[in-house]
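**Q** Have a look; sequence and predicted model below, questions after that.
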Amino acid sequence: IAPAAEARVGSCLAPGSKALCTVWTGKVTFIGDGDTIYVDVKGDRTNKRLHVRMTGLNATEQTVYSSVAARRRGECHALEATSRLEQLIRASRWRVRLAALDPGSHSGVRPRRAVAVRIDGRWRDLATILLAEGHALFLPNRTEWAWNAGYSTIAEQASATGAGIWNPTYCGLGPS
């Protein structure tokens, strides 16, 4: 994110953690899949879309990306994860809050960020929702550690209930 972007320090919104993060806001311009979004960051004085990798989770992969849901294709559960992410972002009028313990944190070339949406007047962490509903797997990270314990617990609870990707019969028979 460009240095001119309007960043501030605030709560990471990590479940069970009081850690502080660098925080930005912006508008989502495209939803890549269940763990990747493109954001126009407020105050960066560019029209450049930031390709953001969401912290703490890993959704199954899409094979065809589109802003039109009916055109998307992907592995089992990929479309459900993308659809739910889109529903939550749409509910916040495409506005998101990005947070990072380390502003330089990245996954490949993509900045790694915790992403939240404002619904009913409060910020809601997207990974918490997606993990709880079984739309993604927990993916720990050493740099963005504040979310690890909370997300791990949430994913374990989803697994215990057989939610989403944890339902062994949803995708039919296949490798274990």
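**A** That came through fine.
**Q** can you list contacts of the helix or strand encompassing T153?
**A** Assigned by DSSP states H and E, T153 falls within helix 148-161. By CB atoms under 8 Å, 6 or more residues apart in numbering, the residues outside helix 148-161 that reach it are 14-17, 56-57, 127-128, 131-134, 137-138, 140-141, 164, 166. (Each C-beta comes from the backbone N, C-alpha and C, glycine too.)
**Q** got the residue ranges for the strands in this protein?
**A** Chain-ordered strands for the chain, with DSSP state E as the definition, fall at 8-11, 20-33, 36-41, 50-54, 57-58, 62-64, 73-74, 95-100, 106-107, 110-119, 122-125, 137-138.
**Q** I'd like those as TSV, with mean neighbour count and mean pLDDT appended.
**A** Shown next, in TSV, are the strands of the chain (neighbours: other CB atoms under 10 Å; pLDDT from 0 to 100):
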stretch	mean neighbour count	mean pLDDT
strand 8-11	12	94
strand 20-33	20	96
strand 36-41	22	96
strand 50-54	22	95
strand 57-58	19	96
strand 62-64	13	90
strand 73-74	15	92
strand 95-100	23	97
strand 106-107	17	92
strand 110-119	22	96
strand 122-125	17	96
strand 137-138	20	96
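**Q** Adding distance to G172 as columns, could you present these in TSV?
**A** Output for these, formatted as TSV (distance: least, CB to CB, whole Å):
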stretch	distance to G172
strand 8-11	42
strand 20-33	21
strand 36-41	26
strand 50-54	28
strand 57-58	21
strand 62-64	18
strand 73-74	15
strand 95-100	34
strand 106-107	30
strand 110-119	31
strand 122-125	32
strand 137-138	19
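**Q** of those strands, which approaches E86 most closely?
**A** strand 20-33 (5.0 Å; CB to CB).
**Q** Report the angle between the closest one and strand 95-100.
**A** 120 degrees (axes from the mean of the first three to the mean of the last three CA atoms, to 10 degrees).
**Q** ok, strand 20-33: who's next to it in the sheet?
**A** strand 8-11 (antiparallel), strand 36-41 (antiparallel), strand 95-100 (antiparallel) (DSSP bridges).
**Q** just to revisit the earlier point, what subset of the contacts of helix 148-161 is buried?
**A** Neighbour-count burial (16 or more other CB atoms under 10 Å) is assigned, among the contacts of helix 148-161, to 14-15, 17, 56-57, 127-128, 131-134, 137-138, 141, 164, 166.
**Q** CSV for the strands paired with strand 20-33, including distance to V68?
**A** Listed next are the strands paired with strand 20-33 as CSV, based on distance: least, CB to CB, whole Å:
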stretch, distance to V68
strand 8-11, 35
strand 36-41, 16
strand 95-100, 21
